[in-house]
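> Next come a sequence and a model predicted from it.
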Amino acid sequence: MELILGYLFIFVARVTDVSMATIRMIMVVKGRRIQAAIIGFFEIIIYILAIGKVLSEINNPINLLVYATGFATGNYLGVYLEEKMALGSITVQVISEHEVMKLVEKLRNEGFGVTVIEGYGRQGIRHLLNITLQRKNLSKLHNIIDQHDDHAFVTVMDARSIRGGYFTALKKK
């Protein structure tokens, strides 16, 4: 029983510290220093405890397999959690060929701030829509765009910091 609890400890510790590392790196990229430092503090404590357990019984190959499995699982879980947290802001650019101003009106009615820029594409004048929003609202934006024009050209970029602009609360349905 003690052996199984040891394996379980190594696995859970590794899943936890690697998941925390993923979230910490996102915090670093987004400039959230304090949150990153706090997460890093606990992450390294858990890591040292896990690696200490593995190294104390280095001749046990199952410890290494459990450690590696925890690492892989932690990477998967960390990415999954980060997607669910959807931290930060993004800028979405949209080029549609179908009744662009109707799409702009629809987006604004749903609470999105939209800036329209006229440009020249391969087939003439195009309208580029710039929309800055919270990442958690991206699927709602995609749904609106897809309902209007499922062939629209859409790019999504991370926006590290934002100042000024027009933001409203999105309308709930």
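That came in fine, so what should we check first?
> What count of nearby residues applies to Glu99?
Using other CB atoms under 10 Å, Glu99 has 12 neighbouring residues. Quick note: C-beta positions are derived from backbone N, CA and C, even for glycine.
> give the contact list for the nearest residue to it once chain neighbours are set aside.
Distance criterion CB to CB, 6 or more residues apart in numbering; nearest residue to Glu99, sequence neighbours excluded, is His148 at 7.7 Å. If you count contacts by CB atoms under 8 Å, 6 or more residues apart in numbering, His148 has them with 96, 98-99, 102-103, 106.
> Report whether Ala21 is found in a helix, as I expect.
Yes - note on Ala21: a helix contains this position according to DSSP: H, G, I helix; E, B strand; the rest coil.
> What about the residue lying closest to it once chain neighbours are set aside, how many residues nearby?
Nearest residue to Ala21, sequence neighbours excluded (CB to CB, 6+ apart): Glu43, at 5.6 Å. Neighbourhood size, Glu43 [other CB under 10 Å]: 20.
> Output the contacting helices and strands for the stretch of helix or strand Glu43 belongs to.
Glu43 belongs to helix 33-56 when assigned by DSSP states H and E. Applying 3 or more CB pairs under 8 Å, 6 or more residues apart in numbering; DSSP states H and E, we find helix 33-56 packed against helix 2-29, helix 61-85.
> Let me see the mean pLDDT of it.
The average of the pLDDT scores along helix 33-56 is 96.
> cool, stretch 164-173 as well?
On average, stretch 164-173 scores 63.
> What's the per-residue pLDDT of the closest residue to Ile62 other than its chain neighbours here?
Distances taken as CB to CB, 6+ apart put Tyr7 closest to Ile62, at 6.5 Å, once the chain neighbours are dropped. Tyr7 carries a pLDDT score of 95 in this model.
> can you count the residues close to Tyr7?
Neighbour count of Tyr7, defined by other CB under 10 Å: 19.
> Now do the contacts for it.
For Tyr7, the contacting residues are 62-63, 66, by CB under 8 Å, 6+ apart.
> in stretch 121-136, what counts as buried?
Residues of stretch 121-136 classed as buried: 126-129, 131-133, 135 (neighbour count, 16 or more other CB atoms under 10 Å).
> Which of the residues you listed sits closest to Ser19?
Arg135 (18.6 Å; CB to CB).
> wait, doesn't that closest one sit right on Val92?
No - in this structure Arg135 lies outside contact range of Val92 using CB atoms under 8 Å: 10.2 Å.
> In space, what's closest to Ile117 - neighbours in sequence excluded?
In space, Ile117 is closest to Leu128, 4.5 Å off (CB to CB, 6+ apart).
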